[in-house]
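Asks: here is my input; please provide its structure:
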Amino acid sequence: MKRSGVLISATAALLLGLASLAQAADTVSPADFAEEASAKGIAEIEAGKLALEKGTNAEVKKFAQSMIDDHTRANNELKALAEKKNLKVSDDAELMNKAKAMILQVRDGENFDEAYANNQVVAHEQTIELFRKASKSDDAEVSAWAEKTLPKLEHHLEMAKDLQSKTRK
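Replies: Numbers count the residues shown, from 1 in each chain. Take a look at the predicted model:
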């Protein structure tokens, strides 16, 4: 009887440990969020500038300008929040987004437009996932800001999917 009690306790402890790991995977620290979200914002701004320069489709250019405007505004808000909380923001796009930007740089015309639209769908899906994790943060201000920003990002994703369908060959 004693042995089964120990086994039950060990199983319960294991399940609690796994549950806390799963919860940890569903959240992101405020420091990691500030750095990653700002890097993603910078990548959006830089990709948008590239789209204004290399895009041929008027809707691509309109979308790109919207991304530049919205992500600049969001990054400024995030920077103010980060400064208040003594968190570091990125001043450069993360490595993966740099690689995507390099791929876009070698494309031209309709190929560029299609690649940019595809990139925007994936980028916004990843950013939404990050913001959903941040919305579950123990830091109430970080959580509230992420929650407030999510609808705009979800709208960006819908716009990107629409753009993707219009640029697909």
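Asks: can you give me the helices for this structure?
Replies: Along the chain, counting by DSSP state H, helices occupy 2-25, 30-54, 58-85, 95-105, 109-134, 140-167.
Asks: and the third one, what does it pack onto?
Replies: Looking back up the chat, that one is helix 58-85. helix 30-54, helix 109-134, helix 140-167 (3 or more CB pairs under 8 Å, 6 or more residues apart in numbering; DSSP states H and E). (Glycine included, C-beta is placed from N, CA and C.)
Asks: and for the second one?
Replies: In terms of contacts (3+ CB pairs under 8 Å, 6+ apart), helix 30-54 is packed against helix 58-85, helix 95-105, helix 109-134, helix 140-167.
Asks: could you export these as CSV, including mean neighbour count?
Replies: Shown next, in CSV, are these (neighbours: other CB atoms under 10 Å):
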stretch, mean neighbour count
helix 58-85, 17
helix 95-105, 14
helix 109-134, 19
helix 140-167, 17
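Asks: out of the ones you listed, flag the one nearest Leu50.
Replies: Nearest to Leu50, of all these, is helix 95-105, at 5.6 Å by CB to CB.
Asks: could you report the separation of the residue most central in space within the chain from Leu87?
Replies: In the chain, the centroid-proximal residue (CA atoms, centre = their mean) is Thr127; its distance is 1.5 Å. Note on Thr127: its distance to Leu87, by CB to CB, to the nearest Å, is 18 Å.
Asks: go on, Tyr116?
Replies: 30 Å.
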